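**Q** Structure of the sequence below:
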Amino acid sequence: MSARTHETSKLTDRYQTTVPRGVRKQLALSKGDQLRYCIEPDGRVYIEPVSASESDPALGAFLDFIEADIKAHPERLKALDGALHDRLAALVGDIDVDLDAPLSPDDA
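**A** Here you go, the predicted structure:
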């Protein structure tokens, strides 16, 4: 039986944390992966990865449909034209997000 290992991390003011390397390796996590926190009646908490297929079945089916359509009809793909790109940039371009800023009392 192998020895139990312990990993620690620290919460930021926004309740965010970095998953320690040993945990990422054990769970085979990559950037963008989702985690599930399982809380037992005795108070123990377990972390497990959420597989892409179970994270959102409707989204998975939609992405599969889009992928199949692109493979079947690559000629339908078009580049984003300048006007649409400029409009999207105008909608979100000036938004400044500070991930280190504390949460508002409503979000805590």
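**Q** Would you list the phi and psi of Ala90?
**A** Taking degrees, to the nearest 10, you get phi -70, psi -30 for the backbone angles of Ala90.
**Q** So what's the residue count around it?
**A** Counted by other Cβ atoms under 10 Å, the residues lying close to Ala90 total 9. All C-beta spots, glycine's among them, are computed from the backbone N, C-alpha and C.
**Q** Glu75 versus that one, what's the distance?
**A** 30 Å (Cβ to Cβ, to the nearest Å).
**Q** and what of Asp42?
**A** 59 Å.
**Q** How far off centre is the helix or strand where Ala58 lies?
**A** In this structure, Ala58 is located in helix 57-72 according to DSSP states H and E. A distance of 19 Å separates the centroid of the chain from that of helix 57-72, by Cα atoms, centre = their mean, to the nearest Å.
**Q** And it, what's buried?
**A** Neighbour counts over helix 57-72 (16 or more other Cβ atoms under 10 Å) mark no residue as buried.
**Q** what's the answer for stretch 29-46, then?
**A** Here stretch 29-46 shows Leu29 as buried, counting by 16+ other Cβ under 10 Å.
**Q** partners of Tyr37 in the sheet?
**A** Beta-bridge pairing for Tyr37 (DSSP bridges): Ile47.
**Q** Correct me if wrong: it contacts Val50.
**A** No: using Cβ atoms under 8 Å, Tyr37 is not in contact with Val50; the gap is 10.3 Å.
**Q** what's the residue most central in space within the chain in contact with, if anything?
**A** Nearest to the geometric centre of the chain sits Gly32, at 3.8 Å (Cα atoms, centre = their mean). Neighbour list for Gly32: empty [criterion: Cβ atoms under 8 Å, 6 or more residues apart in numbering].
**Q** Val50 versus that one, what's the distance?
**A** Distance, Gly32 to Val50, using Cβ to Cβ: 11 Å.
**Q** again with Pro41
**A** From Pro41 to Val50 the distance is 22 Å (Cβ to Cβ).
**Q** residue boundaries of the strands in the chain?
**A** 34-39, 45-50 (DSSP state E).
**Q** how about the helices in this protein?
**A** 21-27, 52-55, 57-72, 82-92 (DSSP state H).
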